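Visitor: one predicted model, sequence on top.
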Amino acid sequence: MSSSHAKHEDKPSATEISNWKKIVSEFEKPSLFKSLWQLITTLGLYLLTWTMIYLNYTKSGPWYLYIPLILVGAGLTVRIFIIFHDCGHQSFFKKQKYNKFFGFITGTLAFTPFKHWTWEHNIHHATVGDIDRRGIGDVWTLMVDEYLELPKLKRLSYRIWRHPLFLFGFAPVYVFLIRERIPSPGAKPGNRKAVIHTNIAILLLMSLGCLIFGSFIFLLFQLFIISIAASAGVWLFYVQHQFEGVYWERHEHWEYTSAALDGSSFYQLPKVLQWFSGNIGYHHLHHLSTKIPNYHLEACHNSHPAFAEVTKLTLLSSFRCMNFRLWDETEKALITWKQFKRIRDDREAALSAA
(Lines give C-alpha, C1' and ligand atoms only; values in the text may rest on other atoms or scores of the structure.)
Protein backbone atom coordinates (compact mmCIF):
# COMPACT_ATOMS: atom_id res chain seq x y z
CA MET A 1 0.00 0.00 0.00
CA SER A 2 1.38 3.38 -0.99
CA SER A 3 1.82 6.18 1.54
CA SER A 4 -0.77 8.27 -0.27
CA HIS A 5 -3.14 5.30 -0.17
CA ALA A 6 -2.70 4.98 3.57
CA LYS A 7 -3.10 8.70 4.13
CA HIS A 8 -6.44 8.76 2.35
CA GLU A 9 -7.85 6.02 4.59
CA ASP A 10 -7.86 8.37 7.60
CA LYS A 11 -10.73 10.81 7.88
CA PRO A 12 -10.49 13.80 10.22
CA SER A 13 -12.59 13.58 13.38
CA ALA A 14 -15.40 15.99 14.18
CA THR A 15 -13.12 17.65 16.73
CA GLU A 16 -10.37 18.14 14.15
CA ILE A 17 -12.81 19.64 11.66
CA SER A 18 -14.13 21.98 14.35
CA ASN A 19 -10.57 23.08 15.15
CA TRP A 20 -9.81 23.79 11.48
CA LYS A 21 -12.95 25.90 11.18
CA LYS A 22 -12.00 27.88 14.28
CA ILE A 23 -8.48 28.56 12.99
CA VAL A 24 -9.51 29.73 9.52
CA SER A 25 -12.48 31.76 10.78
CA GLU A 26 -10.02 34.33 12.16
CA PHE A 27 -8.91 35.13 8.60
CA GLU A 28 -12.28 35.18 6.85
CA LYS A 29 -13.12 38.85 7.45
CA PRO A 30 -12.23 41.03 4.43
CA SER A 31 -10.40 44.30 4.94
CA LEU A 32 -11.92 47.18 2.97
CA PHE A 33 -8.58 48.98 2.87
CA LYS A 34 -6.66 45.91 1.64
CA SER A 35 -9.31 45.07 -0.94
CA LEU A 36 -9.42 48.61 -2.32
CA TRP A 37 -5.62 48.87 -2.29
CA GLN A 38 -5.28 45.60 -4.19
CA LEU A 39 -7.97 46.60 -6.66
CA ILE A 40 -6.59 50.10 -7.30
CA THR A 41 -2.93 49.06 -7.59
CA THR A 42 -3.67 46.06 -9.81
CA LEU A 43 -6.00 47.90 -12.18
CA GLY A 44 -3.71 50.94 -12.10
CA LEU A 45 -0.68 48.88 -13.12
CA TYR A 46 -2.77 47.13 -15.77
CA LEU A 47 -3.79 50.49 -17.25
CA LEU A 48 -0.19 51.72 -17.04
CA THR A 49 1.00 48.63 -18.92
CA TRP A 50 -1.52 49.24 -21.70
CA THR A 51 -0.48 52.90 -21.82
CA MET A 52 3.15 51.88 -22.34
CA ILE A 53 2.12 49.45 -25.09
CA TYR A 54 0.14 52.24 -26.73
CA LEU A 55 3.04 54.72 -26.52
CA ASN A 56 5.50 52.20 -27.91
CA TYR A 57 3.12 51.52 -30.80
CA THR A 58 2.31 55.16 -31.65
CA LYS A 59 5.95 56.21 -31.44
CA SER A 60 7.09 53.21 -33.52
CA GLY A 61 9.22 51.95 -30.65
CA PRO A 62 11.33 48.78 -30.84
CA TRP A 63 9.38 45.55 -31.15
CA TYR A 64 11.29 43.85 -28.34
CA LEU A 65 9.80 46.25 -25.78
CA TYR A 66 6.45 44.59 -26.36
CA ILE A 67 7.73 41.30 -24.90
CA PRO A 68 8.13 42.42 -21.25
CA LEU A 69 5.02 44.59 -21.49
CA ILE A 70 2.90 41.70 -22.75
CA LEU A 71 4.30 39.39 -20.05
CA VAL A 72 3.55 41.95 -17.34
CA GLY A 73 0.09 42.49 -18.82
CA ALA A 74 -0.53 38.74 -18.71
CA GLY A 75 0.67 38.53 -15.11
CA LEU A 76 -1.62 41.38 -14.11
CA THR A 77 -4.51 39.68 -15.90
CA VAL A 78 -3.93 36.62 -13.70
CA ARG A 79 -3.99 38.88 -10.63
CA ILE A 80 -7.19 40.53 -11.89
CA PHE A 81 -8.68 37.06 -12.30
CA ILE A 82 -7.86 36.26 -8.66
CA ILE A 83 -9.74 39.39 -7.54
CA PHE A 84 -12.62 38.31 -9.80
CA HIS A 85 -12.41 34.85 -8.23
CA ASP A 86 -12.59 36.25 -4.68
CA CYS A 87 -15.57 38.39 -5.65
CA GLY A 88 -17.26 35.19 -6.81
CA HIS A 89 -16.73 33.65 -3.38
CA GLN A 90 -18.07 36.85 -1.76
CA SER A 91 -14.79 37.13 0.14
CA PHE A 92 -13.32 40.31 -1.37
CA PHE A 93 -15.90 42.73 0.03
CA LYS A 94 -18.41 42.35 2.85
CA LYS A 95 -21.30 43.60 0.74
CA GLN A 96 -22.58 41.37 -2.03
CA LYS A 97 -23.37 44.29 -4.35
CA TYR A 98 -19.72 45.36 -4.39
CA ASN A 99 -18.57 41.81 -5.10
CA LYS A 100 -21.04 41.58 -7.97
CA PHE A 101 -20.08 44.96 -9.45
CA PHE A 102 -16.32 44.50 -9.31
CA GLY A 103 -16.71 40.83 -10.21
CA PHE A 104 -18.33 41.90 -13.47
CA ILE A 105 -15.65 44.54 -14.16
CA THR A 106 -12.69 42.24 -13.45
CA GLY A 107 -14.45 39.36 -15.20
CA THR A 108 -14.77 41.43 -18.37
CA LEU A 109 -11.04 42.22 -18.27
CA ALA A 110 -10.35 38.50 -17.75
CA PHE A 111 -12.81 37.45 -20.52
CA THR A 112 -14.90 35.48 -18.01
CA PRO A 113 -18.64 35.90 -17.20
CA PHE A 114 -18.91 36.49 -13.45
CA LYS A 115 -22.20 34.85 -12.49
CA HIS A 116 -21.93 31.89 -14.86
CA TRP A 117 -18.31 31.10 -13.94
CA THR A 118 -19.02 31.47 -10.21
CA TRP A 119 -21.82 28.91 -10.51
CA GLU A 120 -19.52 26.37 -12.18
CA HIS A 121 -16.65 27.14 -9.82
CA ASN A 122 -18.80 26.54 -6.74
CA ILE A 123 -19.55 23.08 -8.12
CA HIS A 124 -15.80 22.51 -8.37
CA HIS A 125 -15.39 23.36 -4.68
CA ALA A 126 -18.26 21.08 -3.70
CA THR A 127 -16.95 18.10 -5.69
CA VAL A 128 -13.13 18.35 -5.84
CA GLY A 129 -11.58 14.94 -5.27
CA ASP A 130 -14.95 13.17 -5.67
CA ILE A 131 -14.52 10.55 -8.39
CA ASP A 132 -18.26 10.12 -8.88
CA ARG A 133 -18.93 13.84 -9.35
CA ARG A 134 -16.30 14.75 -11.92
CA GLY A 135 -17.06 16.81 -14.99
CA ILE A 136 -17.70 20.44 -14.06
CA GLY A 137 -14.93 22.91 -13.33
CA ASP A 138 -12.14 20.35 -13.32
CA VAL A 139 -9.47 18.82 -15.57
CA TRP A 140 -10.70 15.83 -17.59
CA THR A 141 -9.24 12.81 -15.80
CA LEU A 142 -10.19 9.18 -16.40
CA MET A 143 -9.82 6.09 -14.25
CA VAL A 144 -7.65 3.29 -15.65
CA ASP A 145 -10.68 1.05 -16.26
CA GLU A 146 -12.60 3.88 -17.90
CA TYR A 147 -9.75 4.50 -20.31
CA LEU A 148 -9.44 0.80 -21.17
CA GLU A 149 -13.15 0.67 -22.00
CA LEU A 150 -12.92 3.54 -24.50
CA PRO A 151 -12.86 2.89 -28.26
CA LYS A 152 -9.57 3.71 -29.97
CA LEU A 153 -10.70 7.08 -31.32
CA LYS A 154 -11.79 8.32 -27.89
CA ARG A 155 -8.54 7.04 -26.38
CA LEU A 156 -6.68 9.12 -28.95
CA SER A 157 -8.74 12.22 -28.14
CA TYR A 158 -8.04 11.74 -24.44
CA ARG A 159 -4.31 11.35 -25.08
CA ILE A 160 -4.32 14.53 -27.13
CA TRP A 161 -6.25 16.41 -24.44
CA ARG A 162 -3.85 15.32 -21.69
CA HIS A 163 -0.74 16.22 -23.69
CA PRO A 164 0.98 19.27 -22.12
CA LEU A 165 1.15 21.17 -25.42
CA PHE A 166 -2.60 20.84 -25.82
CA LEU A 167 -3.54 21.17 -22.14
CA PHE A 168 -1.49 24.30 -21.53
CA GLY A 169 -1.32 25.64 -25.07
CA PHE A 170 -4.51 25.27 -27.08
CA ALA A 171 -7.01 24.41 -24.32
CA PRO A 172 -6.60 27.60 -22.22
CA VAL A 173 -7.04 29.85 -25.27
CA TYR A 174 -10.09 27.85 -26.34
CA VAL A 175 -11.63 28.00 -22.86
CA PHE A 176 -11.24 31.74 -22.30
CA LEU A 177 -11.85 32.98 -25.84
CA ILE A 178 -14.53 30.55 -27.04
CA ARG A 179 -16.00 28.32 -24.34
CA GLU A 180 -16.62 31.18 -21.89
CA ARG A 181 -18.62 32.95 -24.62
CA ILE A 182 -21.21 30.15 -24.61
CA PRO A 183 -23.47 29.22 -21.65
CA SER A 184 -23.21 25.67 -20.33
CA PRO A 185 -26.12 23.35 -21.21
CA GLY A 186 -27.29 23.23 -17.58
CA ALA A 187 -27.05 26.97 -16.96
CA LYS A 188 -30.09 28.78 -15.57
CA PRO A 189 -31.53 31.82 -17.40
CA GLY A 190 -29.71 34.25 -15.08
CA ASN A 191 -26.37 32.61 -15.79
CA ARG A 192 -27.08 32.59 -19.53
CA LYS A 193 -27.82 36.32 -19.43
CA ALA A 194 -24.57 36.88 -17.54
CA VAL A 195 -22.64 35.33 -20.44
CA ILE A 196 -24.43 37.58 -22.94
CA HIS A 197 -23.82 40.71 -20.85
CA THR A 198 -20.12 39.88 -20.50
CA ASN A 199 -19.82 39.20 -24.22
CA ILE A 200 -21.34 42.62 -24.96
CA ALA A 201 -18.99 44.28 -22.45
CA ILE A 202 -15.96 42.56 -24.01
CA LEU A 203 -17.08 43.61 -27.50
CA LEU A 204 -17.40 47.23 -26.35
CA LEU A 205 -14.03 47.09 -24.61
CA MET A 206 -12.32 45.65 -27.69
CA SER A 207 -13.97 48.28 -29.90
CA LEU A 208 -12.78 51.04 -27.57
CA GLY A 209 -9.25 49.63 -27.63
CA CYS A 210 -9.20 49.58 -31.42
CA LEU A 211 -10.47 53.18 -31.54
CA ILE A 212 -7.79 54.37 -29.10
CA PHE A 213 -5.02 52.56 -30.99
CA GLY A 214 -6.54 53.53 -34.31
CA SER A 215 -5.86 50.01 -35.48
CA PHE A 216 -6.90 46.39 -35.06
CA ILE A 217 -3.35 45.79 -33.78
CA PHE A 218 -4.89 46.26 -30.32
CA LEU A 219 -6.64 42.92 -30.75
CA LEU A 220 -3.32 41.22 -31.44
CA PHE A 221 -1.79 42.65 -28.26
CA GLN A 222 -4.88 41.59 -26.32
CA LEU A 223 -4.72 38.10 -27.83
CA PHE A 224 -1.12 37.67 -26.67
CA ILE A 225 -1.90 38.92 -23.17
CA ILE A 226 -5.04 36.86 -22.60
CA SER A 227 -3.48 33.72 -24.14
CA ILE A 228 -0.43 33.82 -21.86
CA ALA A 229 -2.61 34.65 -18.85
CA ALA A 230 -4.99 31.80 -19.70
CA SER A 231 -2.14 29.28 -20.00
CA ALA A 232 -0.69 30.45 -16.68
CA GLY A 233 -4.10 30.20 -15.03
CA VAL A 234 -4.77 26.69 -16.31
CA TRP A 235 -1.29 25.65 -15.19
CA LEU A 236 -1.94 26.99 -11.67
CA PHE A 237 -5.26 25.18 -11.50
CA TYR A 238 -3.74 21.96 -12.82
CA VAL A 239 -0.82 21.66 -10.40
CA GLN A 240 -3.08 22.49 -7.47
CA HIS A 241 -5.21 19.40 -8.08
CA GLN A 242 -3.06 17.01 -10.13
CA PHE A 243 0.00 16.08 -8.09
CA GLU A 244 1.60 13.07 -6.45
CA GLY A 245 -0.33 12.03 -3.34
CA VAL A 246 -3.51 13.92 -4.24
CA TYR A 247 -6.77 12.88 -2.56
CA TRP A 248 -9.47 11.30 -4.69
CA GLU A 249 -12.27 9.08 -3.36
CA ARG A 250 -15.55 7.55 -4.41
CA HIS A 251 -18.52 9.58 -3.21
CA GLU A 252 -19.46 7.29 -0.32
CA HIS A 253 -15.97 7.74 1.18
CA TRP A 254 -15.41 11.35 0.15
CA GLU A 255 -14.94 13.97 2.89
CA TYR A 256 -14.73 17.75 2.37
CA THR A 257 -11.90 18.63 4.76
CA SER A 258 -9.70 15.82 3.44
CA ALA A 259 -10.45 16.94 -0.11
CA ALA A 260 -9.36 20.47 0.82
CA LEU A 261 -6.13 19.68 2.67
CA ASP A 262 -5.07 16.55 0.74
CA GLY A 263 -6.78 17.28 -2.58
CA SER A 264 -5.16 20.69 -3.03
CA SER A 265 -1.45 21.48 -3.06
CA PHE A 266 0.55 24.29 -1.48
CA TYR A 267 2.29 25.82 -4.50
CA GLN A 268 5.24 27.72 -3.01
CA LEU A 269 6.16 30.19 -5.73
CA PRO A 270 8.88 32.86 -5.81
CA LYS A 271 7.53 36.07 -4.26
CA VAL A 272 7.08 37.92 -7.55
CA LEU A 273 5.02 35.05 -8.99
CA GLN A 274 3.14 34.72 -5.71
CA TRP A 275 2.17 38.39 -6.07
CA PHE A 276 1.00 38.04 -9.68
CA SER A 277 -0.96 34.87 -8.80
CA GLY A 278 -2.65 36.53 -5.82
CA ASN A 279 -1.49 33.95 -3.24
CA ILE A 280 -3.60 31.26 -4.91
CA GLY A 281 -0.71 28.85 -4.28
CA TYR A 282 -2.11 28.51 -0.75
CA HIS A 283 -4.82 26.49 -2.40
CA HIS A 284 -5.30 24.03 0.45
CA LEU A 285 -6.54 26.89 2.62
CA HIS A 286 -8.67 28.37 -0.12
CA HIS A 287 -10.49 25.03 -0.38
CA LEU A 288 -10.72 24.72 3.39
CA SER A 289 -12.52 28.07 3.47
CA THR A 290 -13.50 30.03 0.39
CA LYS A 291 -14.28 33.01 2.62
CA ILE A 292 -10.60 33.82 3.19
CA PRO A 293 -9.57 36.78 0.97
CA ASN A 294 -6.44 36.08 -1.07
CA TYR A 295 -4.43 38.63 0.93
CA HIS A 296 -5.04 36.69 4.17
CA LEU A 297 -4.10 33.24 2.86
CA GLU A 298 -0.39 33.44 3.65
CA ALA A 299 -0.99 34.63 7.22
CA CYS A 300 -3.52 31.83 7.71
CA HIS A 301 -1.01 29.27 6.44
CA ASN A 302 1.63 30.55 8.85
CA SER A 303 -0.79 30.55 11.79
CA HIS A 304 -0.71 26.82 12.46
CA PRO A 305 2.13 24.28 12.07
CA ALA A 306 -0.25 21.60 10.78
CA PHE A 307 -0.69 23.51 7.53
CA ALA A 308 2.98 22.85 6.78
CA GLU A 309 2.15 19.13 6.50
CA VAL A 310 0.19 19.51 3.26
CA THR A 311 1.80 18.59 -0.06
CA LYS A 312 4.16 21.37 -1.08
CA LEU A 313 5.21 22.00 -4.66
CA THR A 314 7.94 24.35 -5.81
CA LEU A 315 8.19 25.86 -9.27
CA LEU A 316 10.75 23.21 -10.21
CA SER A 317 9.03 20.19 -8.66
CA SER A 318 5.66 21.16 -10.15
CA PHE A 319 6.83 20.29 -13.66
CA ARG A 320 6.71 16.60 -12.72
CA CYS A 321 2.94 16.95 -12.49
CA MET A 322 2.78 17.20 -16.29
CA ASN A 323 3.47 13.47 -16.55
CA PHE A 324 0.27 12.33 -14.84
CA ARG A 325 -2.44 11.00 -17.14
CA LEU A 326 -4.84 8.63 -15.33
CA TRP A 327 -6.10 7.73 -11.86
CA ASP A 328 -5.34 4.23 -10.58
CA GLU A 329 -8.11 3.29 -8.14
CA THR A 330 -6.17 0.29 -6.83
CA GLU A 331 -3.22 2.37 -5.65
CA LYS A 332 -5.26 5.56 -5.24
CA ALA A 333 -2.74 7.55 -7.21
CA LEU A 334 -2.29 9.48 -10.43
CA ILE A 335 -0.13 7.57 -12.88
CA THR A 336 1.90 8.20 -16.03
CA TRP A 337 1.45 6.49 -19.41
CA LYS A 338 4.49 4.36 -18.58
CA GLN A 339 2.88 3.15 -15.37
CA PHE A 340 -0.39 2.54 -17.21
CA LYS A 341 1.38 0.37 -19.79
CA ARG A 342 2.82 -1.73 -16.97
CA ILE A 343 -0.65 -2.19 -15.44
CA ARG A 344 -2.15 -3.11 -18.81
CA ASP A 345 0.63 -5.60 -19.57
CA ASP A 346 0.25 -7.20 -16.13
CA ARG A 347 -3.48 -7.61 -16.65
CA GLU A 348 -3.00 -9.13 -20.10
CA ALA A 349 -0.38 -11.52 -18.72
CA ALA A 350 -2.73 -12.58 -15.92
CA LEU A 351 -5.53 -13.25 -18.42
CA SER A 352 -3.21 -15.30 -20.62
CA ALA A 353 -2.09 -17.37 -17.65
CA ALA A 354 -5.65 -18.02 -16.46
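Guide: That came in fine, so what should we check first? Because the structure is a prediction, the values reported are computed rather than measured. Numbering: from 1, shown residues only.
Visitor: next up, the contacts around the closest residue to Leu142 other than its chain neighbours.
Guide: Distances taken as Cβ to Cβ, 6 or more residues apart in numbering place Leu326 nearest to Leu142, at 5.8 Å, with adjacent residues excluded. Every C-beta, even on glycine, is put in place using the N, C-alpha and C of the backbone. Counting by Cβ atoms under 8 Å, 6 or more residues apart in numbering, Leu326 touches Thr141, Leu142, Met143, Val144, Tyr147, Leu334, Ile335, Phe340.
Visitor: highest neighbour count among those residues?
Guide: Most neighbours among the contacts of Leu326, by other Cβ atoms under 10 Å: Leu334, with 22 neighbours.
Visitor: isn't that residue up against Gln242?
Guide: Yes. Using Cβ atoms under 8 Å, Leu334 is in contact with Gln242, at 6.3 Å.
Visitor: so what sits against both of these two?
Guide: Thr141, Phe324.
Visitor: from Asn199, how far off is the residue nearest to Leu142?
Guide: Note on Leu326: its distance to Asn199, by Cβ to Cβ, to the nearest Å, is 36 Å.
Visitor: now swap in Ser35 and tell me
Guide: 27 Å.
Visitor: neighbour count for the two, which is higher?
Guide: For Ser35 and Asn199, the more surrounded residue by other Cβ under 10 Å is Ser35, and the numbers stand at 23 against 16.
Visitor: which residues does that one contact?
Guide: Neighbour list for Ser35: Phe92, Phe93, Pro293, Tyr295 [criterion: Cβ under 8 Å, 6+ apart].
Visitor: let's see 10 Å
Guide: By Cβ atoms under 10 Å, 6 or more residues apart in numbering, the contact set of Ser35 is 83, 86-87, 91-94, 98-99, 102, 293-295.
Visitor: in what helix or strand does it lie?
Guide: Element membership for Ser35, per DSSP states H and E: helix 32-58.
Visitor: I'd like to check the angle between the helix or strand following that helix and helix 32-58, please.
Guide: Moving toward the C-terminus from helix 32-58, the next helix or strand (DSSP H and E) is helix 66-88. Inter-element angle recorded for helix 66-88 and helix 32-58: 150 degrees (by axes from the mean of the first three to the mean of the last three Cα atoms, to 10 degrees).
Visitor: cool, thanks, talk later.
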